[in-house]
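Peer 1: build the 3D model from these lines:
(chains A and B)
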Amino acid sequence: MQALPGPFKAGLFYLAARFPDVELIPVYLENLHRCMPKGTVLPVPLICTVRFGAIFGRIANENKETFLKRAREAVIELA
Amino acid sequence: MTAQEKFFWLIGGIAAILLVASIAGWLLGLRVKTENGRAVIGNLNARIQAWWIMTAVFVVAFLLGKTATIILFAFISFSALREFLTLTPTRASDYRAMSLAFFVLVPVQYYLIHIEWYGLFSMFIPVYGFLLLPSLSALTQDAENFLERSAKIQWGIMVTIYCISHVPALLLLDIPGYTGQNALLLLYMLLVVQMSDVLQYVFGKIFGKTKIAPVVSPSKTVEGFIGGAAGATLIGAGMWWITPFTPLQAGAMAFITVLMGFLGGLVLSAVKRSLGAKDWGTMIKGHGGMMDRMDSVSFAAPIFFHLTRYFFTS
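Peer 2: Prediction:
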């Protein structure tokens, strides 16, 4: 049962634009949605796996929508 | 011989076997040439190393006494349940049922052993757990795959908490003429089950040809099973002096324990495969997860417990 992240919010885009030298690395946290579903306080101790992707390539003058879409896909690729 | 002396003889014996195994593994490592052979020996040596660590953990727990032993098995159940539920597809609406399992059922089940409340120990999970867990899930109004989800969670809890808790439950049996020695019986049962697993592995690797259940558990062979079962039964009979049994009774108990252990390995292998995994986890190096080591114990322990309780307690 794979739960995919929702659409990304704009914050990531503004942060990336403000710090052009910082490397962006996609990270997927597997099983986190099962350990702590929305609205819960205490995690159920299931085994979670953290997956790191390759450095996210930047494209000059990319608009916000395509950047966020690409970023989300980079994370989903690790799911 | 006092219980203390028997205990040290037993530990000495296990250490001697492990020492022989370590040396054999090291020699095999020197001789092996092929890529495939190197992988097998590498895994063998990782397994032997893990056995040293597991033995050390158990010895320390036994020396510390009853409470430490119960806590150790509570931890084993907790880890096994973790692996089981991680592989089980659950939904957000199962969160409460899973929380109940980890944070209530595990501690309560082992606390009941600690206070020696046998009646509630034997029905707490099959009755109260069985009825409360699906109730919590149903209250969230999520009916999708409801029966499958409830059944899987219930099954995991039965095997990882209820069945495994029968190992330390041996401590609460009142066996005439055996007072204060129950820890030895616990060790005896674990020894028979694990020797059976190890010997099945060894005989299977050396003589194994005919697969018993190639789809469910490709490593189980007829030759391995016969060699391992016979060997572990003989060892079990030979260890009668640490049990309340006669040599013949010890042999019979060991044989039943070995059979149940085999079935446990087979069934849990099928469960694992139906959940789409090869190993339960990565917790014990060379062996896989906690459940890969406890699968045979989980089936053997309740039967060993009840046979002992029925025939040997007053």
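Peer 1: what's whichever helix in chain A runs longest packed up against?
Peer 2: Longest helix in chain A by number of residues (criterion: DSSP state H): helix A:64-76. Using 3 or more CB pairs under 8 Å, 6 or more residues apart in numbering or on different chains; DSSP states H and E, the elements in contact with helix A:64-76 are helix A:11-18, strand A:27-30. C-beta coordinates here come from the backbone N, C-alpha and C atoms, glycine included.
Peer 1: now the last one, how far from the centre of its chain.
Peer 2: Centre-to-centre, strand A:27-30 and its host chain are 8 Å apart (CA atoms, centre = their mean, to the nearest Å).
Peer 1: likewise for the longest one?
Peer 2: Averaging C-alpha coordinates over helix A:11-18 and over its chain gives two centres that are 13 Å apart (CA atoms, centre = their mean).
Peer 1: with stretch A:20-38 instead?
Peer 2: With CA atoms, centre = their mean, you get 5 Å for stretch A:20-38.
Peer 1: now stretch B:24-36: mean pLDDT?
Peer 2: Stretch B:24-36 carries an average pLDDT of 90.
Peer 1: typed the wrong thing, it's stretch B:44-51
Peer 2: Stretch B:44-51 comes out at a mean pLDDT of 93.
Peer 1: just the closest residue of the stretch 201-314 of chain B to chain A, please.
Peer 2: Residue of the stretch 201-314 of chain B nearest chain A, by CB to the nearest CB: residue B:281 (6.7 Å).
Peer 1: so how far is residue B:78 from the closest residue to that residue other than its chain neighbours?
Peer 2: Nearest residue to residue B:281, sequence neighbours excluded (CB to CB, 6 or more residues apart in numbering or on different chains): residue B:289, at 2.5 Å. Separation of residue B:289 from residue B:78 (CB to CB, to the nearest Å) stands at 13 Å.
Peer 1: residue 31: how many residues sit nearby?
Peer 2: You didn't say which chain, so I picked chain A. 14 (other CB atoms under 10 Å in any protein chain shown).
Peer 1: that's the wrong chain, I meant chain B
Peer 2: 8.
Peer 1: so the closest residue to chain B within chain A is in which element?
Peer 2: Nearest residue of chain A to chain B: residue A:37, at 3.6 Å (CB to the nearest CB). Using DSSP states H and E, residue A:37 maps to neither a helix nor a strand.
Peer 1: do you know the pLDDT at it?
Peer 2: So, for residue A:37, pLDDT stands at 89.
Peer 1: in space, what's closest to it - neighbours in sequence excluded?
Peer 2: Of all residues not flanking residue A:37 in the chain, residue B:92 sits nearest, at 3.6 Å (CB to CB, 6+ apart).
Peer 1: show me which residues of chain A sit near chain B.
Peer 2: Contact residues, chain A versus chain B (CB under 8 Å from any CB of the partner chain): A:1, A:31, A:33, A:34, A:37, A:38, A:40, A:42, A:44, A:45, A:46, A:47.
Peer 1: name the residues of the helix or strand the fourth one falls within that come out as buried.
Peer 2: Secondary-structure assignment from DSSP H and E places residue A:34 in helix A:32-35. By neighbour count, with 16 or more other CB atoms under 10 Å in any protein chain shown as the criterion, the buried positions of helix A:32-35 are A:33, A:34, A:35.
Peer 1: which element follows that helix toward the C-terminus?
Peer 2: strand A:49-52.
Peer 1: now do that following strand: everything it contacts.
Peer 2: For strand A:49-52, the external contacting residues (CB atoms under 8 Å, 6 or more residues apart in numbering or on different chains) are A:25, A:26, A:27, A:28, A:29, A:30, A:31, A:78.
Peer 1: take the residues you listed and write them to JSON lines, including pLDDT.
Peer 2: Supplementary listing: the contacts of strand A:49-52 in JSON lines, determined by pLDDT from 0 to 100:
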{"residue": "A:25", "pLDDT": "95"}
{"residue": "A:26", "pLDDT": "95"}
{"residue": "A:27", "pLDDT": "94"}
{"residue": "A:28", "pLDDT": "93"}
{"residue": "A:29", "pLDDT": "89"}
{"residue": "A:30", "pLDDT": "88"}
{"residue": "A:31", "pLDDT": "88"}
{"residue": "A:78", "pLDDT": "91"}
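Peer 1: now the residues you listed in JSON lines, with distance to residue A:53?
Peer 2: Formatted as JSON lines, these follow (distance: CB to CB, whole Å):
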{"residue": "A:25", "distance to residue A:53": "6"}
{"residue": "A:26", "distance to residue A:53": "4"}
{"residue": "A:27", "distance to residue A:53": "7"}
{"residue": "A:28", "distance to residue A:53": "8"}
{"residue": "A:29", "distance to residue A:53": "12"}
{"residue": "A:30", "distance to residue A:53": "13"}
{"residue": "A:31", "distance to residue A:53": "17"}
{"residue": "A:78", "distance to residue A:53": "5"}
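Peer 1: of those residues, keep whichever come out buried.
Peer 2: Buried members of the contacts of strand A:49-52, counted by 16+ other CB under 10 Å: A:26, A:28, A:30, A:78.
Peer 1: quick check: the last one vs residue A:27, distance?
Peer 2: Distance, residue A:78 to residue A:27, using CB to CB: 8 Å.
Peer 1: can you list residues touching both of the two?
Peer 2: A:51, A:52, A:53.
Peer 1: separate out the buried members of those residues.
Peer 2: For these, buried by 16+ other CB under 10 Å: none.
Peer 1: stretch B:33-47: which residues count as buried?
Peer 2: Under the neighbour-count criterion of 16+ other CB under 10 Å, stretch B:33-47 has B:41, B:44, B:45, B:47 buried.
Peer 1: correction: stretch B:147-159
Peer 2: B:149, B:150, B:152, B:153, B:154, B:156, B:157, B:158, B:159.
Peer 1: quick one: mean pLDDT for it?
Peer 2: Regarding stretch B:147-159, the rounded mean pLDDT is 95.
Peer 1: now for the residue of chain B found nearest chain A: which residues touch it?
Peer 2: Nearest to chain A, among the residues of chain B, is residue B:92, at 3.6 Å (CB to the nearest CB). Contact partners of residue B:92, counting by CB under 8 Å, 6+ apart, are A:33, A:34, A:37, A:38, B:142.
Peer 1: follow-up on the earlier one: can you list the helices and strands packed on helix A:64-76 in a markdown table and add distance to residue B:243?
Peer 2: Shown next, in a markdown table, are the helices and strands packed on helix A:64-76 (distance: least, CB to CB, whole Å):
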| stretch | distance to residue B:243 |
| --- | --- |
| helix A:11-18 | 65 |
| strand A:27-30 | 46 |
